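Student: Sequence below, structure please.
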Amino acid sequence: MISLGSLADASMRALGAIAKSERSVNQAAERLATGEKINRAADDAAGMAMAARMQSQIVGLQKGIQNGLDGINLVRTADSVLGDLISINHRMRELYLQQANGTQGSSEVAILQNEIDALRVSMTELAQQSEFNSEPLFMESRTVPFTVGANIDNQISVELPKLVETIETIKSFENGDFEADTPGSSTITGWDIMEQAIIFGTDSIAGHVTPTNDVANGTDQNNPSAPGSMEVTTTTAQKSEGSQSVRLTSSGITTNTGYDTVRGPVLVSKDQLNMKIGDTVSFDWRAQGGEDSYDVYAYLLDVNTGETVEILDDTGTTTNWKSESFTITKDGTYKFVFVSGTYDATGGQAAGAQLFVDNIVASTTITTYDFSLPTDTLSAVDQTINTLLGHRAEFGAVVNRITHAVDSLTLTGINLESSHSVLTDTNYAKESSKLASASILNQAATGVLQQSNENSKRILSSVIKSVDG
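Tutor: Residues are numbered from 1 along each chain as shown. Model prediction:
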């Protein structure tokens with residue numbers, strides 16, 4: 001006779017079997033769905049740690065391979081430039097041999113030299129403009145490391161030579177100290193002069209209309225009734241530095257009406273400098289009234305745009321030497337313009353004054369480039385060719401090293417991928433079999449549990465019937 005205790009025990013065993021088989025079913029289904037044998041640490045803690053380390057190394061190897069290929073591209077780019085430079089040197093060598101031939105006349109020799117000079121310029125431009133990933137290749141001697149491996153210390157380096165010399169020169173306005181000419185000279189080296197009255201905003205200086213500039217009283221828009229005389233000369237009477245300065249003088253002027261201003265004469269630099277933001281200009285000046293007060297003005301003229309930058313504006317009776325400086329705030333091509341002037345401060349219409357200028361400094365840095373290896377003789381060209389060939393040999397050796405390293409990394413990566421797959425990839429045959437087996441067990445356990453429940457119901461029904469009877 002079946003007891004209730006035995007039925008309860010069978011039910012519990014069936015429930016345990018169902019739970020166990022469901023875990024097996026879920027695990028097998030998860031592995032089949034994800035393709036991963038280890039989905040959580042509980043599946044295989046040691047295997048998960050090994051797989052993670054392998055994956056890190058695999059990723060590092062893949063990046064190392066890419067680094068190596070990028071390095072090969074950089075070295076090959078540099079190598080191709082050297083090949084072009086060698087070809088240019090071969091042509092220069094040919095020209096030197098032709099130039100040395102006794103059949104060449106002086107004009108032919110000059111023509112050949114012009115081509116040699118042009119070829120050197122071409123080499124300079126080629127070496128200067130050669131870049132990889134926007135980085136110059138030959139402007140400086142430098143070591144370029146390539147991380148060809150899974151770790152930072154797996155490096156192969158290439159030495160890039162310096163093939164371009166950077167030459168910086170400081171250029172300033174000519175004869176800024178006015179020492180080039182004899183005292184009293186009316187011809188000023190490096191400067192143009194205008195010995196006439198100038199009306200601002202109407203007349204032109206250096207091909208551009210003068211700026212507008214208001215005066216304290218009266219107007220400078222009237223020509224004087226009597227122009228008097230104006231002159232620009234060097235003088236030893238006044239100087240800020242050295243032995244002399246330049247003097248801009250007006251005298252004997254009768255203004256059109258009282259309190260007028262008459263401007264002139266003018267000093268303009270012949271030089272025009274390409275100046276950049278941050279460049280500076282400076283000069284020393286002194287003014288004094290003659291027959292009345294002075295009114296002086298100076299500006300920088302951008303000869304390309306006609307724009308002006310005021311650097312001096314002053315009116316008075318006399319002043320000692322002063323220094324003015326100005327920082328360029330806009331790139332441009334500038335000239336210096338100094339305008340002397342006189343102001344009829346008393347209203348008596350007699351006017352005249354003097355402006356002294358000295359120690360004019362306006363400097364800007366001009367950067368030029370030149371090929372760093374010698375090519376001025378046939379033997380120098382041969383030396384340069386040998387130097388460039390030496391660099392190409394080094395480049396070739398580096399490319400071979402990187403190529404071998406990439407091949408080795410590729411093979412190592414394949415083996416690691418295989419090992420990683422063994423650790424982590426699902427064995428579909430095995431897991432399919434486990435899923436089928438666990439499903440059968442689950443169904444069987446479910447059937448046993450159902451049968452046990454039916455038996456329990458029958459016993460309970462019998463007990464109820466006997467009690468009722």
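Student: Quick one: mean pLDDT for stretch 292-312?
Tutor: In this model, stretch 292-312 has an average pLDDT of 95.
Student: Sorry, slip of the keys, the one I care about is stretch 67-77.
Tutor: pLDDT averaged over stretch 67-77 gives 95.
Student: Which strand runs longest in the protein?
Tutor: Assignment by DSSP state E gives strand 350-371 as the longest strand of the chain.
Student: Enumerate the positions of that strand that are buried.
Tutor: Residues of strand 350-371 classed as buried: 350-360, 362-364, 369, 371 (neighbour count, 16 or more other C-beta atoms under 10 Å). C-beta here means a position set from N, CA and C on the backbone, and glycine is covered the same way.
Student: so which two of these are the farthest from each other?
Tutor: The largest distance within those, taken as C-beta to C-beta, falls between 350 and 371 and amounts to 65.7 Å.
Student: Spit out the contact partners of residue 143.
Tutor: Listed by C-beta atoms under 8 Å, 6 or more residues apart in numbering, the contact set of residue 143 reads 157-160.
Student: Which one of those residues sits in the busiest neighbourhood?
Tutor: Counting neighbours by other C-beta atoms under 10 Å, residue 160 leads the contacts of residue 143 with 24 neighbours.
Student: Please parse this protein into its domains.
Tutor: Taking automatic domain parsing as the reference, the chain has its domains at 4-35+428-468, 49-163+372-417, 191-370.
Student: hmm, back to that, which elements pack onto whichever helix or strand comes after the longest strand of the chain?
Tutor: Note on strand 350-371: by DSSP states H and E, the next helix or strand toward the C-terminus is helix 378-424. Counting contacts by 3 or more C-beta pairs under 8 Å, 6 or more residues apart in numbering; DSSP states H and E, helix 378-424 packs against helix 45-100, strand 155-160.
Student: Which neighbours in the sheet does the longest strand of the chain have, and how are they oriented?
Tutor: strand 164-171 (antiparallel), strand 245-254 (antiparallel), strand 280-289 (antiparallel) (DSSP bridges).
Student: the inter-axis angle of that strand versus helix 45-100?
Tutor: Orientation note: strand 350-371 sits at an angle of 110 degrees relative to helix 45-100 (axes from the mean of the first three to the mean of the last three C-alpha atoms, to 10 degrees).
Student: Show me what the mean pLDDT comes to for strand 350-371.
Tutor: Rounded mean pLDDT across strand 350-371 is 92.
Student: Regarding the nearest residue to residue 159 once chain neighbours are set aside, which helix or strand does it belong to?
Tutor: Nearest non-adjacent residue to residue 159, counting by C-beta to C-beta, 6 or more residues apart in numbering: residue 143, 5.7 Å away. Residue 143 belongs to strand 142-147 when elements are defined using DSSP H and E.
Student: Format the CA atom coordinates belonging to that strand as PDB.
Tutor: Presented in PDB, the C-alpha positions along strand 142-147 are these (Å, rounded to 0.1, in the frame of the first residue of the first chain):
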ATOM      1  CA  ARG A 142      64.300  63.300 -34.600                       C
ATOM      2  CA  THR A 143      63.600  59.700 -33.600                       C
ATOM      3  CA  VAL A 144      60.200  58.400 -34.400                       C
ATOM      4  CA  PRO A 145      59.200  55.300 -32.400                       C
ATOM      5  CA  PHE A 146      56.600  52.700 -33.700                       C
ATOM      6  CA  THR A 147      54.900  50.500 -31.000                       C
END
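Student: Return the set of buried residues in it.
Tutor: Neighbour-count burial for strand 142-147 [16+ other C-beta under 10 Å]: 144, 146-147.
Student: sorry, back to before: considering the contacts of residue 143, which is situated nearest to residue 83?
Tutor: residue 160 (15.2 Å).
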